[in-house]
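In: give me the fold of what follows.
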Amino acid sequence: MSEDETHTLRAGWLQRLGLAQRRRARDPQPVRAIASLDPHTEHAMQRRRELLADVSSFVIAHGLPVNSFTLDIAHKVMAETDTRLMGAVEDRVRAGEPITVDWLEATVGKRGNAEGMQALQDLIERLESTIAQFAQTASEARSATSRYSTALEQHAEGLSSPESGQGDDTIAAQIAAMVHDMLSRTRLLEKELDRSERETRQLEKNLAAARREAEVDYLTGLPNRRAFEAVFAREVAEAQQAGHPLCVAFCDIDHFKRINDAHGHEAGDRILRAVAQTLSKLLPDACHVARHGGEEFVVVMRALSMDEAVAKLDEVRTAMAGRRLINRSTDTPFGQITFSAGIADVCAYEDAREALRCADRALYSAKSQGRNRIVCAPPPQG
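Out: Okay, here's the model as predicted:
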């Protein structure tokens with residue numbers, strides 16, 4: 001492919017990313033640092049300059065902060081090393097939607113979760129296979145033992161039967177050969193059983209570690225949405241069986257976008273961690289706190305009545321609002337950091353999923369009523 005054809009294809013790709021105008025306006029001209037460069041080296045240097053310019057254009061054109069995450073994303077897209085990410089960005093631009101850090105994190109996170117789930121599934125399949133092999137080995141051991149027991153019984157009967165026609169030496173030799181064979185097979189089976197046990201134990205450890213990793217939010221260290229769903233289902237079943245109260249609440253950081261815009265996404269991440277830590281430390285141990293996504297957290301409050309749950313959560317809200325956090329990178333105060341919450345009595349609903357929907361609606365009511373407050377979902381009608 002000629003150089004002109006390469007530039008034509010690249011121009012089309014840049015246009016699909018919404019960067020064509022910006023790229024043409026600042027298309028770098030070749031700079032000869034060393035006059036004696038051979039054409040191949042000069043071309044390679046030119047391509048690197050173009051890639052750097054494209055990465056810069058991507059970050060600037062989409063208004064992204066300059067950090068390791070966005071630069072890595074920009075490089076993968078502009079160097080065309082990640083076709084799935086390129087396609088997602090192109091679709092997003094075509095739809096007229098902005099390329100934001102939140103969207104990029106969600107897109108990469110979904111893929112990471114999918115890859116993590118695939119790794120977890122692979123581990124599960126390997127564990128199941130090893131367990132099956134272990135069961136097969138154990139079954140073979142039982143079968144071999146049974147066969148040897150039957151044969152030994154038959155020879156024992158032969159020893160006491162005068163009609164057997166076999167001398168004592170012959171029977172003894174047969175028994176000795178059988179016992180020797182049985183011992184050899186037993187040693188092999190013992191080795192197989194030992195190997196299977198070791199592999200099973202290691203796979204069980206790997207599986208437990210993979211499950212823990214797949215259920216933890218990398219930013220806050222809290223359980224993630226996947227973990228919450230499992231806990232919520234278990235808590236609902238236990239509450240129904242034991243007859244104890246159960247409440248669920250959604251908490252959302254107020255004006256979080258404003259924080260990101262004013263202080264940057266890295267500072268926003270620190271705010272997320274601060275709220276996560278406050279919720280975890282101040283709520284009772286019976287409460288399960290998870291990051292539900294974005295700036296939203298979800299809390300399952302076990303063995304607390306609605307009034308008790310609201311009171312406990314309001315204590316956390318008040319404590320969070322009273323903190324004075326400072327952006328250490330700029331020594332600039334963040335201002336008051338608050339959250340709004342919606343809470344529902346799970347046991348009041350026939351369908352626990354409806355309690356989640358009602359808590360979510362109550363959260364939006366808290367937002368519309370001025371934020372920094374808790375709103376209780378009304379009990380179901382009828």
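
In: can I get stretch 348-368 as CSV, trimmed to CA atoms?
Out: Coordinates of each C-alpha in stretch 348-368 appear next as CSV, following Å, rounded to 0.1, in the frame of the first residue of the first chain:
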residue,chain,number,x,y,z
ALA,A,348,-43.2,-5.3,53.0
TYR,A,349,-43.1,-6.5,49.4
GLU,A,350,-44.1,-9.8,48.0
ASP,A,351,-41.3,-9.5,45.4
ALA,A,352,-37.9,-8.5,46.8
ARG,A,353,-36.9,-7.0,43.4
GLU,A,354,-39.8,-4.6,43.8
ALA,A,355,-38.3,-3.4,47.0
LEU,A,356,-35.1,-2.6,45.1
ARG,A,357,-37.1,-0.6,42.5
CYS,A,358,-38.9,1.3,45.2
ALA,A,359,-35.7,2.1,47.0
ASP,A,360,-34.3,3.4,43.8
ARG,A,361,-37.3,5.6,43.2
ALA,A,362,-37.1,6.9,46.7
LEU,A,363,-33.4,7.9,46.0
TYR,A,364,-34.5,10.0,43.0
SER,A,365,-37.2,11.6,45.2
ALA,A,366,-34.4,12.5,47.7
LYS,A,367,-32.5,14.1,44.8
SER,A,368,-35.4,16.0,43.6
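
In: what are the ranges of the strands in this structure?
Out: 246-253, 287-293, 296-302, 325-327, 332-335, 339-345, 374-376 (DSSP state E).

In: could these go into a markdown table alongside distance to Phe232 and mean pLDDT?
Out: For every residue, glycine as well, the C-beta is placed using N, CA and C. Output for these, formatted as a markdown table (distance: least, Cβ to Cβ, whole Å; pLDDT from 0 to 100):
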| stretch | distance to Phe232 | mean pLDDT |
| --- | --- | --- |
| strand 246-253 | 7 | 98 |
| strand 287-293 | 8 | 94 |
| strand 296-302 | 6 | 97 |
| strand 325-327 | 30 | 92 |
| strand 332-335 | 31 | 93 |
| strand 339-345 | 12 | 98 |
| strand 374-376 | 19 | 98 |
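
In: and of those, who's closest to His265?
Out: Relative to His265, the nearest member of the strands of the chain by Cβ to Cβ is strand 325-327, separated by 12.1 Å.

In: dump the strands of the chain to JSON lines, plus distance to Glu213.
Out: Below are those laid out as JSON lines (distance: least, Cβ to Cβ, whole Å):
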{"stretch": "strand 246-253", "distance to Glu213": "25"}
{"stretch": "strand 287-293", "distance to Glu213": "15"}
{"stretch": "strand 296-302", "distance to Glu213": "20"}
{"stretch": "strand 325-327", "distance to Glu213": "29"}
{"stretch": "strand 332-335", "distance to Glu213": "31"}
{"stretch": "strand 339-345", "distance to Glu213": "27"}
{"stretch": "strand 374-376", "distance to Glu213": "33"}
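
In: closest to Asn67 out of those strands?
Out: Nearest of those (Cβ to Cβ): strand 325-327, 14.8 Å.

In: what's the closest one in contact with?
Out: His263, Ala267, Arg270, Ile271, Ala274, Thr332, Pro333, Phe334, Ile337 (Cβ atoms under 8 Å, 6 or more residues apart in numbering).

In: how many neighbours does the nearest residue in space to Met86 that is not next to it in sequence have?
Out: Distances taken as Cβ to Cβ, 6 or more residues apart in numbering put Val77 closest to Met86, at 5.5 Å, once the chain neighbours are dropped. By other Cβ atoms under 10 Å, the residues close to Val77 number 24.

In: quick one: contacts for Val77?
Out: Leu17, Phe58, Leu85, Met86, Val89.

In: which of those residues has the weakest pLDDT?
Out: The lowest pLDDT within the contacts of Val77 belongs to Leu17, with 56.

In: which one of the contacts of Val77 sits closest to Gln174?
Out: Closest to Gln174, out of all of these and judged by Cβ to Cβ, is Leu85, at 71.6 Å.

In: find the nearest non-adjacent residue to that closest one, please.
Out: That would be Lys76: by Cβ to Cβ, 6+ apart, it lies 5.6 Å from Leu85.

In: state the distance from the one you found to Glu235.
Out: Here Lys76 is placed at a distance of 40 Å from Glu235 (Cβ to Cβ, to the nearest Å).
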